[in-house]
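# pasting a predicted model and its sequence here:
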Amino acid sequence: MTAPAPTTPLALHHETVRSEWIDYNGHMNVAYYLLAFDHATDAVLDRFGIGKAYVAAENRSVFVVDAHLTYAREVTEGMPLRFESLLLGADAKRLHLFHEMRHAEEGWLAATAEFMLLHVDLATRKTGPYPPAVAVALAEQAAAHVRLPRPPQAGRAVARLDGSRADG
């Protein structure tokens, strides 16, 4: 694998809000936000050579083990979306990924997603290290992104009704 040059941020995915994604409130249902962010994640994994083709060729994959979504503004049928992705960190077998979903034309923030992913050997169903070239490419990209301001939504937890954090 030839490592892609680090870019800041990664702008790899665009999507349009589909009619079947609209709920009885007239906006995109929560489940489809996660699906759209999953598509953006697939684009990031493909960029680093660890997407669907990698799974078929190597019998290894990347699993999401933690996810957090935030919502800033509703989106409705037909709206064009663009996704910007940051690698907040990467080590031998983990990837900390953050996405922003924005209106593709007007630029406003609709939602964010933060994921922790693990590299997994599908034969053993256990974590293992990325191939060396992938590990280098992920580390270089994460190093490029660490110089950017950290998104305010990154690392957030759901607050309790009394205002305290659920993780604190």
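Cool, the structure landed.

# in the biggest helix by length in the chain, which residues are buried?
In the chain, with assignment by DSSP state H, the single longest helix is helix 30-47. Across helix 30-47, burial judged by 16 or more other Cβ atoms under 10 Å covers 32-33, 36-37, 39-41, 43-45, 47. All C-beta spots, glycine's among them, are computed from the backbone N, C-alpha and C.

# looking at those residues, which is nearest residue 146?
Sorting the buried residues of helix 30-47 by distance to residue 146 puts residue 44 at the head of the list, at 16.2 Å, by Cβ to Cβ.

# quick one: contacts for the closest one?
By Cβ atoms under 8 Å, 6 or more residues apart in numbering, the contact list for residue 44 reads 10, 12, 85, 87, 97.

# ok, and the helix or strand in the chain with the lowest average confidence?
Ranking every helix and strand in the chain by mean pLDDT, DSSP states H and E puts helix 132-146 at the bottom, with a mean of 95.

# so residue 95 is in contact with residue 117, correct?
Yes. The criterion here is Cβ atoms under 8 Å, and residue 95 meets it with residue 117 at 4.4 Å.

# overlap of the contact sets of those two?
With Cβ under 8 Å, 6+ apart, residue 95 and residue 117 have common neighbours residue 62.

# these two: which has the busier surroundings?
residue 95 (26 against 22; other Cβ atoms under 10 Å).

# for that one, helix, strand, or coil?
strand (DSSP: H, G, I helix; E, B strand; the rest coil).

# beta partners for it?
residue 90, residue 117 (DSSP bridges).

# what lies in contact with stretch 63-71?
30, 33-34, 37, 41, 110-118, 120, 153, 156-157.

# 10 Å instead, please
27-28, 30, 33-34, 37-38, 41, 94-101, 109-120, 122, 125, 127, 151-158 (Cβ atoms under 10 Å, 6 or more residues apart in numbering).

# chain center to that stretch, what's the gap?
Mean-position distance between stretch 63-71 and its chain equals 8 Å (Cα atoms, centre = their mean, to the nearest Å).

# hang on, the earlier thing: list the buried residues of whatever helix or strand comes next after the longest helix of the chain.
Going down the chain from helix 30-47, the next helix or strand is helix 52-58, by DSSP states H and E. Buried residues in helix 52-58, counted by 16+ other Cβ under 10 Å: residue 54.
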